[in-house]
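**Student:** Prediction below, plus the sequence it came from.
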Amino acid sequence: MKKEIEELKITIIDYDEASFQEKEAKTIEECFVFKDKPTVTWIKINGLHQAEVLEKLGNYYGLHHLTLEDILNINQRPKIEDFGDFIFIVLKILYPSNHNGKIITEQMSLILGANFVISFQKENKKEDIFRIIGERIRNNKGLIRKMGTDYLVYSLLDAIVDNYFVVLEKLGEKIGSLEEGLVNNPTQEILRAIHHLKREMIFLRKSVWPLREVLNCLERRESPLVKESTEIYLRDVHEHTIQVIETIETYRDMISGMLDIYLSSVSNKLNAVMKVLTIIATIFMPLTFMAGVYGMNFKYMPELNKPWGYPLALFMMFCVGVSMVFYFRKKKWL
Amino acid sequence: MKKEIEELKITIIDYDEASFQEKEAKTIEECFVFKDKPTVTWIKINGLHQAEVLEKLGNYYGLHHLTLEDILNINQRPKIEDFGDFIFIVLKILYPSNHNGKIITEQMSLILGANFVISFQKENKKEDIFRIIGERIRNNKGLIRKMGTDYLVYSLLDAIVDNYFVVLEKLGEKIGSLEEGLVNNPTQEILRAIHHLKREMIFLRKSVWPLREVLNCLERRESPLVKESTEIYLRDVHEHTIQVIETIETYRDMISGMLDIYLSSVSNKLNAVMKVLTIIATIFMPLTFMAGVYGMNFKYMPELNKPWGYPLALFMMFCVGVSMVFYFRKKKWL
Amino acid sequence: MKKEIEELKITIIDYDEASFQEKEAKTIEECFVFKDKPTVTWIKINGLHQAEVLEKLGNYYGLHHLTLEDILNINQRPKIEDFGDFIFIVLKILYPSNHNGKIITEQMSLILGANFVISFQKENKKEDIFRIIGERIRNNKGLIRKMGTDYLVYSLLDAIVDNYFVVLEKLGEKIGSLEEGLVNNPTQEILRAIHHLKREMIFLRKSVWPLREVLNCLERRESPLVKESTEIYLRDVHEHTIQVIETIETYRDMISGMLDIYLSSVSNKLNAVMKVLTIIATIFMPLTFMAGVYGMNFKYMPELNKPWGYPLALFMMFCVGVSMVFYFRKKKWL
Amino acid sequence: MKKEIEELKITIIDYDEASFQEKEAKTIEECFVFKDKPTVTWIKINGLHQAEVLEKLGNYYGLHHLTLEDILNINQRPKIEDFGDFIFIVLKILYPSNHNGKIITEQMSLILGANFVISFQKENKKEDIFRIIGERIRNNKGLIRKMGTDYLVYSLLDAIVDNYFVVLEKLGEKIGSLEEGLVNNPTQEILRAIHHLKREMIFLRKSVWPLREVLNCLERRESPLVKESTEIYLRDVHEHTIQVIETIETYRDMISGMLDIYLSSVSNKLNAVMKVLTIIATIFMPLTFMAGVYGMNFKYMPELNKPWGYPLALFMMFCVGVSMVFYFRKKKWL
Amino acid sequence: MKKEIEELKITIIDYDEASFQEKEAKTIEECFVFKDKPTVTWIKINGLHQAEVLEKLGNYYGLHHLTLEDILNINQRPKIEDFGDFIFIVLKILYPSNHNGKIITEQMSLILGANFVISFQKENKKEDIFRIIGERIRNNKGLIRKMGTDYLVYSLLDAIVDNYFVVLEKLGEKIGSLEEGLVNNPTQEILRAIHHLKREMIFLRKSVWPLREVLNCLERRESPLVKESTEIYLRDVHEHTIQVIETIETYRDMISGMLDIYLSSVSNKLNAVMKVLTIIATIFMPLTFMAGVYGMNFKYMPELNKPWGYPLALFMMFCVGVSMVFYFRKKKWL
């Protein structure tokens, strides 16, 4: 429950079907003038380091102090809370990792009011997945300027869930490449990579699963803040979320299958090693014994004095060796 | 969420109990004249490459643009949506694979209206599982000409689910043949084949499971589009779907049982190898030692000078070897 | 969904508290006279080869053609369907196997009407589990003659479920005998027998599980065909069904426990084999080395010329061997 | 479904707040006089061998003949049935085993009527867990004399559930002692003991689990036989039952953990054995080879004739051996 | 169900928005004067040894004697019971362990009345997690003085759940450090530590899981004792509880993953050992055999008398050894 802090940046996008205004606010007070305008106002707050800024905002918009705490605590589970005047939503944005293989997660909090949407993010240097929404508003593309705040929230949710698919695709590729390695050379490193993936899946699932509940709530909510016209869009995001969850489950199944293959590959390698050992031992032990017999120093060993003794001994050894090889061939060990 | 494109082909089948008409439409506009006729019209659209064609259709029939997107996106989960005027259904058609062992899947979207059914498929070169329905309509066989659009949708669903049984039968055969191989010779290839099957099962389940929900909805729906007389038929398809799901579960259980057998076969083989090694080593090590003793170069080794030394040594070695063999017999290793 | 065909045999048992009549019908038409009699009529049809016979029956009694199809298709899941005038039930009769170890299953369909019960079975040469019910009716034993068609159906259900216990008992014996074998000698054959049992369990469960739902429906049904006085009997069968299911689950648990024991027995045997090898190698390798040393041909090896050289060498070897044995005793390997 | 028979013993305890009467009845008819008395009558029937006795009782008290069958059949699942005039309850009493390690189970049936409780047990020579209840009634301790039949039933249930804790404690001790053995010496016997425990757990769970349902029913029942004042006591037993179930689940988890430890202990022992073998082989094989080289009979082997030949060879062997030991030290095998 | 006893200590904190009073009571009777005051009274009873003290309290406040028993029995499951006049809550406080690695648990019972809260704890020498609540009341910080008894109960619950996070963090560190050890050196000790952790998790889950139900009840309760203004706070604790449970589940998944890694590490080590053995045996067995051949005492072995015999033999041995090494290099064993 540690609270992390970065630089603050406030962007205000205010629009209705006819008008559009965008500006960067220096102080949080600049937002307040928009509160009573009938237009849709999207206040985008990146960076959560100044608790007092949040407090001012909270006082002005009538947010509960527990809500403010939830916004600051970036280890929340995704959830939704209906306060009558506004709906409070907590979400996880996921970014595929580049170098060290860990999925990066960022918490986003949303306040959906009658004529305003406030979004809170801990500033992240990575790409902004909401840029396209801003552009659609600016250029009046699609329905967004004709609809209310609930449609804006839908657009944000949609962007987040679509981003999940990107993350999943990257993971799918990783699984694919691991699988090939598994077939060719099952090392301890691959095992660790599989377990790393498994853990990522647990983590992913924990981030996405509660989102289903959030969308369920939004869809069926009697809150006047969600209009009926938006319901079909929310249902669409809901479907996508279920698809994400199912993909995660499928990946989990695939990963546990990989573990099985790994373990049986290790067993098979042990078998292969043991076969080599057994073949060598089984061929040379009898031969060495025969050599040992004729190396004994008994006075009366008649074979030793025969000129054909040595070639015969070699021939017998050869026969024993060859018959052993045949035996292994028959047993399909060679 | 990639959208794939193929050649477009529009077939219109229009019928009621008395009349029947079938034609291939060049343009989508040809369909529009049927909209206000009281007869049942089945518009069969194969190929989804022209989004604008879909858009025209959507505008004319009042389809929501999210529905159009769902039709174009061929990675949907099976689902059902009731829009009042029409019901939108997404399904998966499965084809058994021939050469590379992968089940081929194709998405089918259905619009069930009061007097029209529109079906969308990405054109697939494989056999048309709906041919028999067309023939029944043409020749006025069975009830289909006497019933409405809901019965037509039932017929399509029935054809799809019946096709699942074909796919399952092929898989059942594959499981059977793998099992035999497993008993005779558990190779790494069989392991991989088992895992391939396991994955196909996950995939199958994902395609079929939500269908249950779809049929559940249709059956219990208060929508006036589904008449009571059709309910019993839908229940029948529902039963079949449950049977498909149960068969998939049974196959999954069987496959995981095969994995167990595989692993224990590998263990047993290791045991067998180790026994051979142990037997050889246990017999020849003492013998070699005895030969080694009489190969020592001590001056005073009285046995060496006795004429019975050599035969006695050989006899002792023989005794040791034979008693070892008896020991293994008693232990049931031989 | 293949339809199998055997010889047709129609038995009619007609009774009320006062009267009783039993006859074998040659043609299906002979049954029709009983339709309007107020007495209870049990029409027992064994053999399903003549679809046209079924069709006549269906037309006369007003059965839906899907019901007729379900009767003919002997791969149905157990199910219940209420058609208002009659209730349609599909069940599985199980027979314990004698020689090849497979449980034999037979489908039974029941039509429960106001004053008639029609039962359909594919003729099976095995014993008739309903013989006792016929006798009770004939001899007016118990309540059966005083009650209606619903009690007759209860009696049939009861006979079927009681038969499940017989099947389970046989399976229980098999599990017991396998377990003993497992302890004494874990062979690959026992493994296969365990897996065979496991599969039988999956099969059994699939046959019995839906029966619970069937009984649930009958019990709670508002259908006037099931009188309140029968409810307690149905509840009794329900209890027995649950007991059957629990026993199946217990057997499954026991079987999976046997698999664990099998695998660890195999591991233990490997350990035992390896210990023997290790003991032999550890004793004889040093000894053979010592013998090898005194077998070297160096000119100046003073020990070789001493009269006590040979006995000393043997003594040293003896000491090494004995100390190794003590070492293994201490390690509890011997 | 076999019915077992023992000696019959009927005890009648009749009480209200003011009066108390206890007697052993010779015949079942002696109980009948109590039926219409307003006092609470507890008829305790031990031994179920005389079906006709039960029948008389059943006729007099208006019990259903299925109920009588359930009482006689001692392989019932715990269950509850409300017949309006009386509630029928089936329970399992468990006794910890002494010598052979099996938990002993005994079925108890209860009839809860307005002013009577009839309890049926197959006579068991073991201690009577209800003795303390009899004493409380006799000595008017606690509330029992002030309350009705429902409180008496609660007292019986409470005694039974409390006894479960005794059984669990014994099992807990067994698990503890097994665990120690597991750490010190994982033998095949411990494996079998673990599996025995596992099976006992399955059995226990089967006996206790349905009790939850029974108590649930009693608690929420609208039956006038259960007064509101008793509800809190029933809730208390309910809590205890849940605690028993949770303990069983915890034990199951612990036992499956023990299996894991067992299997990995076996693996570790194999590893230890293999290490010994490898160390011995790796040290002595090169040495034996060196001895073998100098045991060759070539004429021209200059080392053989040097006086320092033998000591040098021994020294080299010593060096090889020591360096091997160092190698294993480095690898942490020694 | 043993009852443990320690020293008794009664603290009374009485407050409303305006007034505040705190004192240590010598006898339980000192509390009784506060019963009818409108202010909030928190009676904190540490030590449960004097059943008669509890009884007095129970009589005065009208507590049910089962409640008193539950308070004394410190092996209760967390639960909630609504008695109309007061709500009874049982909870578990957890303390991270210091030396022997076991989590310490302590039971806390709460009575929530209209104007009083009574908390019962078995006196524990460890730190008081409720100290901060006392300070907040003393210094009138936050809302606590403005709110009623339900907010006080919320504060206590919040303190307990926050403490769970501390316990989890310690466990997380332990898991982390075990994991490192696992990678470097998988010993039997680490296995036992993993199993110890697993068991702690089962224990933790058992303590925390029912708390969810408790909070659920409090949140949705129609009891006038819980005011609507407190609901949001209870929801907040609820969220935290779910987070605790999810963390426990994640830890369980991680621990079972560690077990997999452990087992496969053991397998890998066995493989490594076997490779060393196989390499040594495969190199030296053929060499020893060759030496053995030239150690035979045949009269006619022409090579023995050639001056190049010895160097050639050594060279051949060298070649065999080197080619073996190359073979292993190719097989990637070296």
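**Tutor:** Cool, got the structure. This is a predicted model, so every value here is computed, not measured.

**Student:** Give me the distance between the helix or strand where residue A:236 lies and the centre of its chain.
**Tutor:** Secondary structure from DSSP states H and E places residue A:236 in helix A:228-294. Averaging C-alpha positions (CA atoms, centre = their mean, to the nearest Å) puts helix A:228-294 21 Å from its chain's average.

**Student:** helices and strands around that helix, which ones?
**Tutor:** helix A:149-184, helix A:188-220, helix A:309-330, helix B:65-72, helix B:188-220, helix B:228-293, helix E:228-294 (3 or more CB pairs under 8 Å, 6 or more residues apart in numbering or on different chains; DSSP states H and E). Any C-beta I mention is one placed from the backbone N, CA and C, and that applies to glycine too.

**Student:** for that helix, what is the average pLDDT?
**Tutor:** For helix A:228-294, mean pLDDT rounds to 89.

**Student:** got the helices and strands packed on helix A:228-294 as CSV, with mean neighbour count columns?
**Tutor:** Compiled in CSV, these are given as follows (neighbours: other CB atoms under 10 Å in any protein chain shown):
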stretch, mean neighbour count
helix A:149-184, 18
helix A:188-220, 19
helix A:309-330, 14
helix B:65-72, 19
helix B:188-220, 19
helix B:228-293, 20
helix E:228-294, 20
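
**Student:** where do the strands sit along the stretch 1-150 of chain A?
**Tutor:** A:9-15, A:20-25, A:40-46, A:79-82, A:87-95, A:104-112, A:116-121 (DSSP state E, counting those that start in this stretch).

**Student:** Reformat those as CSV; add mean neighbour count, mean pLDDT and distance to chain E.
**Tutor:** Below are the strands of the stretch 1-150 of chain A laid out as CSV (neighbours: other CB atoms under 10 Å in any protein chain shown; pLDDT from 0 to 100; distance: least, CB to the nearest CB, whole Å):
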stretch, mean neighbour count, mean pLDDT, distance to chain E
strand A:9-15, 18, 91, 27
strand A:20-25, 13, 90, 29
strand A:40-46, 22, 91, 22
strand A:79-82, 18, 90, 6
strand A:87-95, 22, 92, 10
strand A:104-112, 20, 91, 13
strand A:116-121, 22, 92, 17
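
**Student:** For residue A:253, which of those strands is the nearest?
**Tutor:** For the strands of the stretch 1-150 of chain A, proximity to residue A:253 was assessed by CB to CB; strand A:87-95 is nearest, at 20.6 Å.

**Student:** And the residue of chain A that's closest to chain D?
**Tutor:** residue A:295 (6.9 Å; CB to the nearest CB).

**Student:** who's in contact with residue A:61?
**Tutor:** Residue A:61 is in contact with A:35, A:86, A:111, A:113, A:116, A:118, counting by CB atoms under 8 Å, 6 or more residues apart in numbering or on different chains.

**Student:** Can you give me the pLDDT of it?
**Tutor:** At residue A:61, pLDDT is 89.

**Student:** Same question for the one 3 residues further on.
**Tutor:** Taken from the predicted model, the pLDDT recorded for residue A:64 is 88.

**Student:** OK, contacts around it?
**Tutor:** A:58, A:83, E:232.

**Student:** any idea how far it is from chain B?
**Tutor:** Residue A:64 sits 34 Å away from chain B, going by CB to the nearest CB, to the nearest Å.

**Student:** State the distance from that residue to residue E:232.
**Tutor:** Distance of residue A:64 to residue E:232, given as CB to CB, to the nearest Å: 6 Å.

**Student:** what's the answer for residue A:143, then?
**Tutor:** Counting by CB to CB, the gap from residue A:143 to residue E:232 is 34 Å.

**Student:** Likewise for residue A:172?
**Tutor:** 41 Å.

**Student:** Please apply the same query to residue A:283.
**Tutor:** With CB to CB as the criterion, residue A:283 and residue E:232 are 81 Å apart.

**Student:** from chain A, which residue is nearest to chain B?
**Tutor:** residue A:292 (3.2 Å).

**Student:** Spit out the contact partners of the nearest residue to that residue once chain neighbours are set aside.
**Tutor:** Spatial nearest neighbour of residue A:292, chain neighbours left out: residue B:291 (3.2 Å); criterion: CB to CB, 6 or more residues apart in numbering or on different chains. Counting by CB under 8 Å, 6+ apart, residue B:291 touches A:289, A:292, A:293, A:295, A:296, B:313, B:317.

**Student:** now do residue A:90
**Tutor:** Contacts of residue A:90 (CB under 8 Å, 6+ apart): A:70, A:76, A:77, A:78, A:79, A:80, A:107, A:108, A:109, A:110.

**Student:** What's the end-to-end length of stretch A:94-111?
**Tutor:** 20 Å (CA to CA, to the nearest Å).

**Student:** Domain map for chain A?
**Tutor:** Chain A breaks down by automatic domain parsing into domains covering A:9-264, A:270-330.

**Student:** Farthest pair within the contacts of residue B:291?
**Tutor:** Longest span within these, CB to CB: A:295 and B:317, 13.5 Å.

**Student:** picking that back up, got the contacts of residue A:61 as JSON lines, with distance to chain C columns?
**Tutor:** Listed next are those as JSON lines, based on distance: CB to the nearest CB, whole Å:
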{"residue": "A:35", "distance to chain C": "57"}
{"residue": "A:86", "distance to chain C": "46"}
{"residue": "A:111", "distance to chain C": "47"}
{"residue": "A:113", "distance to chain C": "48"}
{"residue": "A:116", "distance to chain C": "52"}
{"residue": "A:118", "distance to chain C": "51"}
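
**Student:** Residue D:218: which of the domains of chain A is closest?
**Tutor:** Nearest to residue D:218, of these and by CB to CB, is domain A:9-264 at 34.6 Å.

**Student:** Whether stretch A:321-329 contacts chain B - can you check?
**Tutor:** No. Using CB under 8 Å from any CB of the partner chain, we find that stretch A:321-329 stays clear of chain B, coming within 9.3 Å at best.

**Student:** what mean pLDDT does that stretch have?
**Tutor:** Taken as a whole, stretch A:321-329 has a mean pLDDT of 90.

**Student:** Tell me the residue of the stretch 1-150 of chain A that sits nearest chain E?
**Tutor:** For the stretch 1-150 of chain A, CB to the nearest CB, closest residue to chain E: residue A:66, 5.3 Å.

**Student:** Surely that residue touches residue E:237?
**Tutor:** No. With contact defined as CB atoms under 8 Å, residue A:66 does not reach residue E:237; the gap is 10.4 Å.

**Student:** returning to what we had before: list the residues that contact the nearest residue to the residue of the stretch 1-150 of chain A closest to chain E once chain neighbours are set aside.
**Tutor:** Spatially, and ignoring its direct neighbours in sequence, residue A:66 is nearest to residue E:236 (5.3 Å; CB to CB, 6+ apart). Neighbouring residues of residue E:236 by CB under 8 Å, 6+ apart: A:66, A:70, E:158.

**Student:** For residue A:74, which non-adjacent residue is spatially closest?
**Tutor:** residue A:107 (4.4 Å).

**Student:** so what's the one you found up against?
**Tutor:** Contacts of residue A:107 by CB under 8 Å, 6+ apart are A:74, A:75, A:76, A:90, A:91, A:92, A:93, A:121, A:122.

**Student:** would you turn the residues you listed into TSV with distance to residue A:192?
**Tutor:** Below are the contacts of residue A:107 laid out as TSV (distance: CB to CB, whole Å):
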residue	distance to residue A:192
A:74	28
A:75	26
A:76	30
A:90	33
A:91	31
A:92	26
A:93	28
A:121	33
A:122	30
